[in-house]
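> Structure, please.
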Amino acid sequence: MLSAPDSKLHILQGLSELELALLIAAARLDIILDTDTCNFAMAYDEYSNLTSRYKIQTSSSGVTALGASAKVWGRDVALGAWERLAEYGLLVPAGIGGGGRDFGAGGRMWKIDVGLEEITGSVDSLSGVMAKWCREI
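I've put the predicted structure just below:
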């Protein structure tokens, strides 16, 4: 009899493209900043930079069929996706210091519960651009 997997990797398959993009951005920050925590603002900035860079590369190469990967979602929509990642348990609250003040889901620091390499191995439908974001840091 099979039991449910310990990890949350099975959840990745059902994420929206925006949720996946934010998760990849946050996992990249773990490596880039050599820290195991980030907040929504940091992840959103990384996501926006990745998407903008991708748009510039594809527009200069004449590719017009960009798909959803090239859309930069607004902060409010992205914050909703970030909050869903926390609900799924893919983001784990980091300890809150300084008197326990809560800054809301956007300002709170989080630990990412999956690694970059786990994302590429767990999502069959990962777009080419997102796979590239996972590989090229």
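> Disregarding residues adjacent in the polypeptide, which is nearest to residue 44?
residue 78 (5.4 Å; C-beta to C-beta, 6 or more residues apart in numbering). Any C-beta I mention is one placed from the backbone N, CA and C, and that applies to glycine too.
> What number of neighbouring residues does that neighbour come out with?
Neighbours of residue 78 under the rule other C-beta atoms under 10 Å: 22.
> That one is in what secondary structure piece?
helix 75-87 (DSSP states H and E).
> Next, the angle helix 75-87 makes with the helix or strand hosting residue 59.
If you go by DSSP H and E, residue 59 is part of helix 40-60. In terms of direction (axes from the mean of the first three to the mean of the last three C-alpha atoms, to 10 degrees), helix 40-60 departs from helix 75-87 by 120 degrees.
> so where's the protein shaky on pLDDT?
Scanning the chain with the threshold set as pLDDT under 70 gives 1-7, 62-70, 96-106.
> phi, psi of the one residue sitting closest to the centre of the chain?
Nearest to the mean C-alpha position of the chain, by C-alpha atoms, centre = their mean, lies residue 23 at 1.6 Å. The phi and psi values for residue 23, taken as degrees, to the nearest 10, are phi -70, psi -40.
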